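>>> Using only what follows, build the 3D model:
(2 chains, ligands or ions: 2)
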Amino acid sequence: MKVLVPVKRVIDYNVKVRVKADGSGVDLANVKMSMNPFDEIAVEEAIRLKEAGKAEEVVAVSIGVKQAQETLRTALAMGADRAILVVAADDVHTDIEPLAVAKILAKIVEEEQPGLVLAGKQAIDNDMNATGQMLSALLGWSQGTFASELGVEGDHAVVTREVDGGLQTIKVKMPAIITVDLRLNEPRYASLPNIMKAKKKPLDEKTAADYGVDVTPRLAIVKTAEPEARAAGEIVPDVDTLVAKLKEKGVV
Amino acid sequence: MQYGLTDEQEMIVSTVRSFVENEIYPHENLVERTGEVPKEIADEIKRKTLELGFYACNFPESVGGAGLNHLEFALVERELGRGSMALNHFFGRPQNILMACEGEQKERYLMPAVRGERMDALAMTEPGAGSDVRGMKCAARRDGGDWVVNGTKHFISGADHADFIIVFVATGEDMTPKGPKKRITAFLVDRGTPGFTIRDGYKSVSHRGYKNMILEFDDCRLSDAQVLGEVDGGFDVMNTWLYATRITVATMCVGRARRVFDYALTYSAEREQFGQQIGKFQGVGFQIADMITDIDAADLLTLAAADRLDQGLPANREIASAKLFASEMLARVTDAAIQIHGGMGLMDDYPLERFWRDARVERIWDGTSEIQRHIISRDLLRPLGA
Ligand SMILES: Cc1cc2nc3c(=O)[nH]c(=O)nc-3n(C[C@H](O)[C@H](O)[C@H](O)COP(=O)(O)OP(=O)(O)OC[C@H]3O[C@@H](n4cnc5c(N)ncnc54)[C@H](O)[C@@H]3O)c2cc1C
Ligand SMILES: Cc1cc2nc3c(=O)[nH]c(=O)nc-3n(C[C@H](O)[C@H](O)[C@H](O)COP(=O)(O)OP(=O)(O)OC[C@H]3O[C@@H](n4cnc5c(N)ncnc54)[C@H](O)[C@@H]3O)c2cc1C
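Numbers count the residues shown, from 1 in each chain, chains lettered A, B, ... in the order given. Ligands and ions are numbered 1, 2, ... in the order given. Now for the predicted structure:
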């Protein structure tokens, strides 16, 4: 079985995000970029499937600017076998919307015929939480979202999902799309031998046009704003005062 | 020299950085408080480093290392420099000098060190011989086919965890026009060798938990099989293999300075006095400007020196400049970071007072600042007959 893992290049989770002065978006120039943390978890899970003998090949895909190559190299250094870069934008500030990403992925899935697509549940930049679901609809494949546990048994995947009320376990027929949540695993560091090998692994470069997908944005961003600063806290002398204050504010 | 790193080098940097942040930082307060690295934590760091293929990454592939060049190794150590020396000791980097092992020494010392099975330490300094290494009193005399060693070494880092120690010992004296000159030999000495004891050293203000030990030799009998390099060839192995260790000091100073700088930068942007962020006062803003300029300069000087080694160019002076400048830079940067934090900078709520204390030793070990200045000036003036 082949596992396809889409990975997105996003602003590093440690970076303090700054909104551009004109409110058109977030400033990404000269900012540290990394692999979307949920995608890192997906890469890790795919590699573990391979190590467990349940997958033969792990293919990482990134869609975006040329610099996403670095993100793919990271996936290769973690242990993915090869990578596909789909260049769909020149400007680092251009975000390819989930539908366009899903359409390109659908074409790649047709070509690659993976048994499983393992994606992050969402990207930490726009928090859309849509690509996996859209891909499932486009392909007519089963989906298991927010996976915190994954088992592959024959032609079925058993997925434990993190839902509002707790955990839900479902069995889906493969091929399937699984989107992964935070608690699925702890991604490994790239080992030094794998870092050195990553450069030699194949990385195919394509464009959105190669797949006949129009990536023109359909959504217009009206305004991007900083969240309101949190008001300073207050230190209270004891629990009684705390309870009194909470009652006063109508919280309890 | 190429400015900018390759993709692999970027990944090496980011991997070691994450490793230090996740595996070293969380234990730092404990080590600082107790002055010890608990065995479980040491073993864990070592195991993970081995798994990642970073253990002994400074050794060539032919002996099981990763074969990093000097520049790449400097990048690894720069990121390690962010973290506690006591803890990152277990992100093992055995002494390169072990490459001088011959014959069965390879299986006894070199290979186990590279595999992380045996740890090493290196001993030159004595109470009476610091900068003046040749002034050492620890001496070996021939007895039958063996050597009998007597004397004391002090300040020996990592000897508490070492399974064997590379010890430099006087093995004779030549008369020269400038007076008597000692002949030096390097020996590989196993912990537990009769007549050899390792005991606790002094308590240091810098790098708590990274201990320095005292070694005592009392009629300690060693065979010729323990000689590293040639008999009386101690200075040759030293000059061949210890030349580059000053880059370790320089690059670790750069890494630590960057960590310190991040605290200062953030604090300048967040702390408000007189109704505005203190970074807006030129007095603070200019300190930030000087700090980063100082750090970048030390970084480039250090990487350039490492790159010269990779190119096979003479680098003694450049390495001395890097060690001198980077260690003095760290003193300035840690001091400024405390100044920017005002009174809080001195309190152990922040790690800044620790970085400031730790910085002090960097101008002393591996050749004091004065000795580096001596090396630099002699390198330039000797050819002119001055
Ligand atoms: C924490 C720690 C760990 C160490 N670990 C090790 C180790 O693992 N192995 C090891 O072998 N050594 C180790 N050392 C020893 C270290 O390398 C020496 O401290 C260093 O070489 C200086 O020697 P010294 O302390 O005896 O000072 P001295 O040499 O006595 O110097 C005293 C002062 O005189 C100055 N001075 C000396 N000669 C000259 C000169 N010619 N011109 C101008 N000024 C001069 C020095 O710069 C210094 O300011 C360690 C030291 C410390 C503090
Ligand atoms: C051990 C200790 C004991 C103390 N004891 C007492 C005591 O008994 N009673 C008491 O009242 N206080 C005491 N203090 C407080 C001490 O006086 C303050 O720490 C000092 O005034 C600095 O204030 P701060 O620490 O809040 O730093 P900040 O005022 O926050 O300064 C932070 C940095 O910003 C710089 N800065 C601030 N404003 C400007 C400006 N306008 N232009 C340029 N740079 C600026 C400062 O120089 C500093 O580098 C003590 C402090 C310590 C550390």
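
>>> the strands in chain B, which residues?
Along chain B, counting by DSSP state E, strands occupy B:120-123, B:139-143, B:146-157, B:164-176, B:179-190, B:196-200, B:212-222, B:227-228, B:272-273, B:276-277.

>>> what does the stretch 101-250 of chain A give?
Assigned by DSSP state E, counting those that start in this stretch, the strands in the stretch 101-250 of chain A fall at A:116-120, A:142-153, A:156-163, A:166-173, A:176-180, A:203-207.

>>> Give me the distance between the closest residue to A:Leu76 other than its chain neighbours and ligand 1.
Nearest non-adjacent residue to A:Leu76, counting by C-beta to C-beta, 6 or more residues apart in numbering or on different chains: A:Ala198, 4.0 Å away. Placement of C-beta: from N, CA and C, glycine included. As judged by C-beta to the nearest ligand atom, to the nearest Å, A:Ala198 and ligand 1 stand 36 Å apart.

>>> pLDDT wise, what is A:Ala198 at?
A:Ala198 carries a pLDDT score of 91 in this model.

>>> Quick check, it in contact with A:Gly79.
No - with contact defined as C-beta atoms under 8 Å, A:Ala198 does not count as touching A:Gly79 (9.4 Å).

>>> re earlier: contacting residues for the residue nearest to A:Leu76?
A:Ala198 makes contact with A:Arg73, A:Leu76, A:Ala77, A:Ala190, B:Asp7, B:Glu8, B:Met11, according to C-beta atoms under 8 Å, 6 or more residues apart in numbering or on different chains.

>>> repeat that with 10 Å
A:72-80, A:83, A:190, B:7-8, B:11 (C-beta atoms under 10 Å, 6 or more residues apart in numbering or on different chains).

>>> so of those residues, which ones are in helices?
A:Leu72, A:Arg73, A:Thr74, A:Ala75, A:Leu76, A:Ala77, A:Met78, B:Asp7, B:Glu8, B:Met11 (DSSP state H).

>>> Show me what residue of the stretch 101-250 of chain B gets nearest to ligand 2.
Taking C-beta to the nearest ligand atom, ligand 2 has its nearest neighbour within the stretch 101-250 of chain B at B:Val205, 18.3 Å off.

>>> so how many other residues sit close to that residue?
Using other C-beta atoms under 10 Å in any protein chain shown, B:Val205 is surrounded by 11 other residues.

>>> Ok, the one 4 residues further on next?
B:Gly209 has 20 neighbours, counted by other C-beta under 10 Å.

>>> ditto for B:Gly179
7.

>>> what's across from it in the sheet?
B:Thr176 (DSSP bridges).

>>> That one and B:Thr185, how far apart?
Distance of B:Gly179 to B:Thr185, computed by C-beta to C-beta, to the nearest Å: 20 Å.

>>> Likewise for B:Met347?
Following C-beta to C-beta, the distance that separates B:Met347 from B:Thr185 is 49 Å.

>>> that older thread, now tabulate the ones in helices among the contacts of A:Ala198 in a markdown table and tack on pLDDT, distance to A:Ala88 and neighbour count.
Output for these, formatted as a markdown table (pLDDT from 0 to 100; distance: C-beta to C-beta, whole Å; neighbours: other C-beta atoms under 10 Å in any protein chain shown):
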| residue | pLDDT | distance to A:Ala88 | neighbour count |
| --- | --- | --- | --- |
| A:Leu72 | 96 | 14 | 25 |
| A:Arg73 | 95 | 18 | 24 |
| A:Thr74 | 95 | 19 | 27 |
| A:Ala75 | 97 | 18 | 31 |
| A:Leu76 | 96 | 20 | 27 |
| A:Ala77 | 96 | 23 | 26 |
| A:Met78 | 96 | 23 | 27 |
| B:Asp7 | 87 | 21 | 16 |
| B:Glu8 | 91 | 26 | 18 |
| B:Met11 | 93 | 24 | 25 |
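
>>> quick one: which of those residues is nearest to A:Val92?
A:Leu72 (15.9 Å; C-beta to C-beta).

>>> Skipping its backbone neighbours, what lies nearest the one residue sitting closest to the centre of chain A in space?
Nearest to the geometric centre of chain A sits A:Gly120, at 3.3 Å (C-alpha atoms, centre = their mean). Counting by C-beta to C-beta, 6+ apart, A:Gly120 lies nearest to A:Phe38, which is 2.8 Å off, once chain neighbours are set aside.

>>> Before I go, just wanted to say thanks for your time.
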